[in-house]
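> Structural data only, the sequence is not supplied:
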Ligand SMILES: Nc1ncnc2c1ncn2[C@@H]1O[C@H](COP(=O)(O)OP(=O)(O)OP(=O)(O)O)[C@@H](O)[C@H]1O
């Protein structure tokens, strides 16, 4: 059963007249899909995530959630079910507590303080004073707070844009563990679509891979199969580039 469908989703580059950034992306997200979205820089991965989050418009094609076209959904109802965590987190004004509460209140959900404390502890933010101004947090602390804000909404699909890019290895591992627990302990199935450039992370946290190259979704497949036997020469080249990087920067 598919939860979200992308049907020929296409986007123009914004600085090039009528040149496609990507074209005809057709794919499904099912309730228990844990997908990593990988590909070279500038392929449009973040743009695709922002389109799915309805923060940017598409130029062609369509998206359905629960079988209903996006234009039939109010943006707020959509965002209760599909929550986006940006690579560069945007903090709401005021305290950490205000950040944790506001999103729940905006979406008509009660604020579950106990749960917020458990999530904060799980990602190593248990010691923070909730009265502290959120904009004064470090980049890595803001990334984790933004993630927890989204988890508090209990969405069906999380869209995660390189959310561990500013984190030390221990904090990165803690975030991965929290997300794995979140999907395994939830009372209803949870999906995520996670952009990462970290192959080890991709293998650890996904059961599906989407690979973007040459302006399209060139490969989709089960994680182990993709990493062991990529089908396209572009995916093989991409993976060998990553291995060279690992050798250069062990
Ligand atoms: N709204 C937009 N419309 C069209 N083009 C965009 C838009 N936003 C970004 N771009 C351009 O598209 C390209 C891809 O950007 P994007 O950040 O989506 O790629 P990415 O695959 O996520 O890259 P990276 O892995 O480096 O983060 C960039 O050249 C950017 O300038």
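Ah, there it is. A quick note: this is a predicted structure, and the numbers were derived from the prediction, not measured.

> Quick check: residues of the protein near the ligand?
Counting by C-beta under 6 Å from any ligand atom, the chain comes close to the ligand at 11, 13-14, 21, 39, 41-47, 56. The C-beta positions use only the backbone N, C-alpha and C, and glycine is treated the same way.

> Out of those, which end up buried?
11, 13, 21, 39, 43-47 (16 or more other C-beta atoms under 10 Å).

> which two in these are spaced the farthest apart?
Using C-beta to C-beta, those span at most 15.7 Å, a distance reached by 13 and 39.

> my hunch is that residue 155 is in a strand, does that hold up?
No. Per DSSP: H, G, I helix; E, B strand; the rest coil, residue 155 lies outside any strand segment and is coil.

> Quick check, it in contact with residue 78.
No. Counting by C-beta atoms under 8 Å, residue 155 sits too far from residue 78 to count as a contact (9.9 Å).

> Just say helix, strand or coil for residue 174.
helix.

> How much space separates the closest residue to it other than its chain neighbours from residue 57?
Excluding the flanking residues, the one nearest residue 174 by C-beta to C-beta, 6 or more residues apart in numbering is residue 123, at 5.0 Å. Residue 123 is 33 Å from residue 57, where distance means C-beta to C-beta, to the nearest Å.

> Which one's more surrounded, those two?
It is residue 123, of residue 123 and residue 57, that has more neighbours when counted by other C-beta atoms under 10 Å, with 23 against 9.

> show me the contacts for the more buried one.
Residues near residue 123 by C-beta atoms under 8 Å, 6 or more residues apart in numbering: 144, 147-148, 171, 174-175, 178.

> if I pick the residue nearest the centre of the chain, what's in contact with it?
Central residue check for the chain by C-alpha atoms, centre = their mean: the C-alpha nearest the mean position is that of residue 160, 1.5 Å away. The contact partners of residue 160, by C-beta under 8 Å, 6+ apart, come to 85, 147, 179, 192-195.

> Since that was my last question, I'll sign off now.
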